[in-house]
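Novice: generate coordinates for the sequence data below:
(one chain, ligands or ions: 1)
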Amino acid sequence: MSGALAREVDVVVVGASLAAAAAAKRLTDAGLEAVVLERKKLPRHKVCSGILAPRGHRFLIENFGPLPREILHEPTACRGVSFHFPRAPSISMDFDGGPTAHLHRRYADHWAIQRSGAEVLDGTTVVGVVDDGSRVTVNAQRDGEALDFRARHVIGADGPVSVVVRSVYPEYRKSIPWFWVGQKFHEIESCPLDPEYFHFWFHPDLGHYTWSHARDGRQIVGVGFEQGGNFDAAHARVAAYLDERHGVRLRPAAASEGSPENFGPSLVNRYVFGRGNVLVTGQAAGFLNMMAEGMSCALHSGAIAGESVIEAGLRGRPVQEVYRLMVASEVRRCTDQWNPIKIAFERPHEADFRASLRQLRTPDQMRLLLDVWSFLRLYGRFGWGGQMLAQAGYRLLRDGYDPRRWL
Ligand SMILES: Cc1cc2nc3c(=O)[nH]c(=O)nc-3n(C[C@H](O)[C@H](O)[C@H](O)COP(=O)(O)OP(=O)(O)OC[C@H]3O[C@@H](n4cnc5c(N)ncnc54)[C@H](O)[C@@H]3O)c2cc1C
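Specialist: Numbering: from 1, shown residues only. Okay, here's the model as predicted:
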């Protein structure tokens, strides 16, 4: 559907989230004109725990300045992650470099996008993009009216259910498994889970993604499930388990929310980066690591998308070629970060899992490894387990891994 031409700019960025803010910041710093189109009214809500990995924390401070109190939840910081298992004792790991930010996404994303220097048009929904080889036309809707934007490049930073991805790869959505995550907010009667940590359960009976953490005086209990699954039943199972196993006593949920997620492409290296003059970045491209941390890689991949547009212009090279070269480091980091093979032999993430493991007695270490193994078998049914292990093994060998480092 085509509308009146609203604007002609250097770059249109779709979505006003963290990937978009990082991309827009790079573009405006280089003197390019960028317009950000966001379908919601800003500041907008985003379903997210808001625990920013240390690398993302540093990125925000270095690029956008000190974080104001208003963009943080209570507790304002997170010290690390606690992992829980069906048989092994729980372990906690502090993030490298100290506590990191607990972002309130509604305000944090708005703060970052405002500081990017780009013009932001909210309430503007992109419905498609068409690349004629020299210019991209972005079809959008605003207040029920169709309008078009034209740009030399478009950066799709529009999250998991991306219209930009659908325009460029119409079949992609059908080719990956889709999951839902849902979380409920509870008033607390008593909760022994440390509020300074993000809690995650490696428990195959609870599902592939089960978490809990404190926020603004309440406790969040969250579950991931396959599309078509029953959120209430999955949540009730987890709440009962937390009560029975950990003594977590919560009042009935005061609120709940959920969203569909493209969880998985990063585990098996199935990213989508765009075609022609259209780049895809952030979670839209598949940047969401195995622990469902997506903010840090959204910021970094978004910045790389912006830099690629600038570099391609300077070097006179096709933007896709430049983007794929430059984004390779981020792909690798995101794919490796929580890969069990990489964790077993190296230290790809930002908390020391092996140091925590060493503090357990040997029988407990064995229990823990068995628990992790039975949890990972959940992924086997998507055909991912073998691929994850093979890819990590290949990269270890390619990089000349020295087994003496394990000792
Ligand atoms: C329950 C849950 C908990 C999470 N917890 C964490 C966590 O603790 N730490 C972490 O690092 N990550 C977490 N994540 C993941 C993280 O939220 C995402 O990976 C991250 O927000 C992705 O950022 P993004 O910039 O790529 O896109 P998004 O944050 O998804 O933003 C996309 C933007 O594009 C806009 N948009 C979409 N379609 C259109 C359109 N057609 N036109 C215009 N605008 C459009 C959206 O409104 C949105 O503003 C969590 C996710 C969930 C669901």
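Novice: wouldn't residue 2 be in contact with residue 146 here?
Specialist: Yes. Using Cβ atoms under 8 Å, residue 2 is in contact with residue 146, at 6.7 Å. The way it works is simple: take the backbone N, C-alpha and C, and place the C-beta from them, glycine included.
Novice: so what sits against both of the two?
Specialist: Between them, residue 2 and residue 146 share these contacting residues under Cβ atoms under 8 Å, 6 or more residues apart in numbering: residue 139.
Novice: report the central residue of this protein.
Specialist: Nearest to the mean C-alpha position of the chain, by Cα atoms, centre = their mean, lies residue 294 at 1.3 Å.
Novice: where exactly do the strands run in the stretch 201-350 of the chain?
Specialist: For the stretch 201-350 of the chain, the strands defined by DSSP state E, counting those that start in this stretch cover 209-215, 218-226, 249-250, 255-261, 274-275, 278-280.
Novice: of these, flag the one that's most buried.
Specialist: Ranked by mean neighbour count under mean count of other Cβ atoms under 10 Å, the strands of the stretch 201-350 of the chain are led by strand 278-280, which reaches a mean of 30.
Novice: pLDDT on that strand, on average?
Specialist: In this model, strand 278-280 has a mean pLDDT of 98.
Novice: what of stretch 7-19?
Specialist: The pLDDT scores in stretch 7-19 average 97.
Novice: hey, C-alpha coordinates of it in PDB?
Specialist: Written as PDB, here are the backbone C-alpha positions of stretch 7-19 (Å, rounded to 0.1, in the frame of the first residue of the first chain):
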ATOM      1  CA  ARG A   7      10.200  12.400   3.900                       C
ATOM      2  CA  GLU A   8      13.300  11.500   2.000                       C
ATOM      3  CA  VAL A   9      16.300  10.900   4.300                       C
ATOM      4  CA  ASP A  10      19.700   9.100   4.400                       C
ATOM      5  CA  VAL A  11      18.500   6.300   6.700                       C
ATOM      6  CA  VAL A  12      15.100   5.100   8.100                       C
ATOM      7  CA  VAL A  13      15.400   3.100  11.300                       C
ATOM      8  CA  VAL A  14      12.400   0.900  12.100                       C
ATOM      9  CA  GLY A  15      11.500   0.600  15.800                       C
ATOM     10  CA  ALA A  16      12.600   2.900  18.700                       C
ATOM     11  CA  SER A  17      14.300   0.400  20.900                       C
ATOM     12  CA  LEU A  18      17.900  -0.200  22.000                       C
ATOM     13  CA  ALA A  19      19.200  -1.600  18.700                       C
END
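Novice: buried sites along it?
Specialist: 7, 9-19 (16 or more other Cβ atoms under 10 Å).
Novice: and that stretch, anywhere near the ligand?
Specialist: Yes. Shown here: stretch 7-19 in contact with the ligand (Cβ under 6 Å from any ligand atom) through 14-19.
Novice: for stretch 66-80, same thing?
Specialist: No. Residues of stretch 66-80 contacting the ligand under Cβ under 6 Å from any ligand atom: none, with a closest distance of 8.3 Å.
Novice: helix, strand, or coil at the residue nearest to residue 217 when sequence neighbours are not counted?
Specialist: In this structure, residue 217 finds its nearest non-sequential neighbour in residue 74, 6.9 Å apart by Cβ to Cβ, 6 or more residues apart in numbering. Recorded secondary structure, residue 74: strand (DSSP: H, G, I helix; E, B strand; the rest coil).
Novice: got the contact list for residue 74?
Specialist: Residue 74 neighbours (Cβ under 8 Å, 6+ apart): 102, 215-217.
Novice: re the thing from before, the more surrounded of residue 2 and residue 146?
Specialist: Higher neighbour count among residue 2 and residue 146: residue 146, with 14 against 11, using other Cβ atoms under 10 Å.
Novice: give the contact list for the more buried one.
Specialist: Residue 146 makes contact with 1-4, 139-140, according to Cβ under 8 Å, 6+ apart.
Novice: right, is the helix or strand hosting it up against the ligand?
Specialist: Residue 146 is located in strand 145-156, with elements delineated by DSSP states H and E. No. Using Cβ under 6 Å from any ligand atom, strand 145-156 stays clear of the ligand, coming no nearer than 8.8 Å.
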